[in-house]
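>>> Got a predicted structure here, sequence first:
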Amino acid sequence: MVNKRVPHRLWDFCCKWCCDVANKTAGKIYALYDRTPFEATLGHTPDISSLTSFDFYDIVLYYDEVAQLPEPKRKIGRWLGEAHNFRQAMCYWIMSASGKVIVRCTVQSIPEECYNDNLRGEIKALDINIVEKFGDVAEDEKYDLVSLSEEEMLPDFVTPEYSPVEPENFMPEADDWDAEAYD
């Protein structure tokens, strides 16, 4: 979120996208037997094609069917995630240049070779409009990742080593008992 300078008011879209990715990809959860949570719950393999085309807050082109000439029908926006149960499959939430979140099915990424000065100007104007509308962009000073301890930076599936508050009251393991000690 910090690297892409996403406004705080759009973080709910990122949370939804993260949940989609976590539900549709297999993790190191032993109880799922190398299946995705989606597959374990619903019984069939999920279609991840909607998650592989774009990354959160990517610059995309979308088709605006209501645009009137001479305005171009192809417009630039920011990708906010998949819009589930909306029209048909593969519909996405898009942040338009006007600052409105819209749903579009005709979305495509922009290849690197298409980036020119004109497109960079449009992207800058888009970002300025979004910041003016939503403000409060994530800054590095607020989220200093260097100040996190090594334990706080562990992935979610790794359990940190347990250290008791009162080590002298720690329950010994069953193998450590000596049967003759209390005879």
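Now that the structure is in, tell me what you want to look at.

>>> So Glu39: helix, strand or coil?
Look at Glu39: counting by DSSP: H, G, I helix; E, B strand; the rest coil, its state is helix.

>>> next one: Asp55
coil.

>>> tell me the contacts of it?
Trp79 (Cβ atoms under 8 Å, 6 or more residues apart in numbering). Heads up, the C-betas are built off the backbone N, CA and C, glycines and all.

>>> pLDDT score for it?
pLDDT for Asp55: 88.

>>> measure it to Asn85 for me?
From Asp55 across to Asn85, the span is 23 Å (Cβ to Cβ, to the nearest Å).

>>> Check Glu122 too.
From Glu122 to Asn85 the distance is 31 Å (Cβ to Cβ).

>>> Where does pLDDT dip in the protein?
Within the chain, the ranges that satisfy pLDDT under 70 run 66-71, 138-177, 179, 181-183.

>>> Try it again at 80.
1-3, 27-34, 50, 64-73, 85-89, 135-183 (pLDDT under 80).

>>> what about Thr41, how many neighbours?
Applying other Cβ atoms under 10 Å, we find 12 residues neighbouring Thr41.

>>> same thing with Asp20?
Neighbours of Asp20 under the rule other Cβ under 10 Å: 18.

>>> Also Ser50?
Neighbour count for Ser50, taken as other Cβ under 10 Å: 18.

>>> any idea whether it is helix, strand or coil?
helix.

>>> That one touches His84, doesn't it?
No - contact criterion Cβ atoms under 8 Å: Ser50 and His84 do not qualify, at 9.3 Å.

>>> What are the buried residues along the longest helix seen in the chain?
In the chain, with assignment by DSSP state H, the single longest helix is helix 117-134. The neighbour-count check on helix 117-134 (16 or more other Cβ atoms under 10 Å) flags 123, 126-127, 130 as buried.

>>> okay if I get those as TSV plus distance to Asp12?
Compiled in TSV, the buried residues of helix 117-134 are given as follows (distance: Cβ to Cβ, whole Å):
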residue	distance to Asp12
Ile123	23
Leu126	20
Asp127	19
Ile130	15
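
>>> out of those residues, who's nearest Pro7?
Among the buried residues of helix 117-134, Ile130 lies closest to Pro7 (Cβ to Cβ), at 6.5 Å.

>>> just checking, Ala83 touches Cys91?
Yes - contact criterion Cβ under 8 Å: Ala83 and Cys91 qualify, at 4.4 Å.
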